[in-house]
Every structure is written in structure tokens, then in C-alpha cells.
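**Q** predicted coordinates and the sequence they were generated for:
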Amino acid sequence: MPIILPVEDNHPRFGDDVFIAPNATIVGDVVMGDECSIWFNAVVRGDVNFIRIGNKVNIQDGACIHCTYQRYGTTIGNNVSIGHHAIVHGCTLHDNVLVGMGAIIMDNAVVHSNTIIAAGAVVLENTICEGGSIYAGVPAKKVKDISQEKISGEIDRIANNYVKYASWFK
């Protein structure tokens, strides 16, 4: 059974049709939309600030979503995929974002819509990632504009697949 705990009277809240893996952890001031999935060993820790998660968001195995005490909450838009073992910390991800496996997004960074953060990339504190772009490297830099084919072929495809995968466990 997943660990779902309140912190100082802040209870996690969930939308409709949400899958939470049996060993996922969700605590504190977390509000999640519809058709989301939190996968095996993922941690969504809203203990020191808020975490807001839109609709059709998947947080894959081993990922960590956290925030910064008295400074930065974490906001995740709609149709967002956060890859295995990624860290999303005290930042904002707008709609239609793909965060690759093992990527790190630091405090007060903003990732605008229709953007891919490549696997292993490190988006430093206060970085603004422009929409419609692919960012890669350490530190992450824009490597190219993203095509409409990549938006539907990667960002949308992965988000839609995770809604399907979650249905297998219900």
C-alpha cells in the first residue's frame, strides 16, 4: 500500500482516475489532477511547501518531486511526463513537458510548454527554458527547437501511454 501522509493538517488530494503504485510515497500539501499516475518508488513530498500537479501527469519510477521550505513550491502543468529517477525541485513545469530519465530541475527554474528536458540534463536554479525547445547537457542548454512531430510523437505519446499503463493496474 502506498504511503500517503498528512503534514501539519495538509492532506494530499487526488483527482479522478489516479493510479498510485503500492510503494509510492505522497505526503503533505499535494494536489493532483485527473488521470495522473505515480509509479513505483516515486516520492512526491509536499512537506515543506506546496506541490500542484495538473491533469494527465505521470511521475515515473524512482522520481522525486520536492520543494523548498519558505521559498519555492513546485507546480507541474497538464500532460507532463517525468522520467525514471528524475528530480523536480521547487520549480515550475508548464503544460506538455517531457522530463527525461535522470534529469534534474532545480529551484525557481521555469520550463515553458512544449519542451523536452533530455535524459541526464541538469537545469540549474533560476533557469528559464523557453517553450518549444529541447534542453540537454550539464548545465542544460537549448540544443534546438522542437517540431510539432516531436510534440505529438514524444510528449503526447508518452503521456497517453502512461494513462494506458496505469489502467493495467486498476
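**A** Right, received. Where do you want to start?

**Q** first-to-last residue distance for stretch 130-143?
**A** In stretch 130-143, first residue to last residue: 11 Å (CA to CA, to the nearest Å).

**Q** revised request: answer the last question for stretch 62-74.
**A** Per CA to CA, the first residue of stretch 62-74 is 18 Å away from its last.

**Q** now that stretch: average pLDDT?
**A** With pLDDT averaged residue by residue, stretch 62-74 scores 98.

**Q** got the contact list for it?
**A** Outside of stretch 62-74, the residues within contact range by CB atoms under 8 Å, 6 or more residues apart in numbering are 39-46, 48-53, 59, 76, 82-92, 107-108. C-beta: built from backbone N, CA, C; applies to glycine.

**Q** so what's the gap between it and the chain middle?
**A** Counting by CA atoms, centre = their mean, to the nearest Å, stretch 62-74 is centred 11 Å from the centre of its parent chain.

**Q** which parts of it are buried?
**A** In terms of neighbour count (16 or more other CB atoms under 10 Å), stretch 62-74 has its buried residues at Gly62, Ala63, Cys64, Ile65, His66, Cys67, Thr68, Tyr72, Gly73, Thr74.

**Q** distance of the closest residue to Ala119 other than its chain neighbours from Gly73?
**A** In space, Ala119 comes closest to Gly100 once its chain neighbours are excluded; the distance is 3.4 Å by CB to CB, 6 or more residues apart in numbering. Relative to Gly73, Gly100 is positioned 23 Å away (criterion: CB to CB, to the nearest Å).

**Q** for Ala136, same thing?
**A** Following CB to CB, the distance that separates Ala136 from Gly73 is 26 Å.

**Q** the bottom helix or strand of this structure by mean pLDDT?
**A** Averaged element by element with mean pLDDT, DSSP states H and E, the chain has its least confident helix or strand at helix 148-150 (a mean of 86).

**Q** by contact count, what packs against that one?
**A** Counting by 3 or more CB pairs under 8 Å, 6 or more residues apart in numbering; DSSP states H and E, no packing neighbours are recorded for helix 148-150 among the helices and strands.

**Q** mind listing what's buried in the helix or strand following that helix?
**A** Tracing the chain C-terminally past helix 148-150 and defining elements by DSSP states H and E, one meets helix 157-167 next. Counting neighbours by 16+ other CB under 10 Å, one finds that the buried residues in helix 157-167 are Ile158, Ala159, Asn160, Tyr162, Val163, Ala166.
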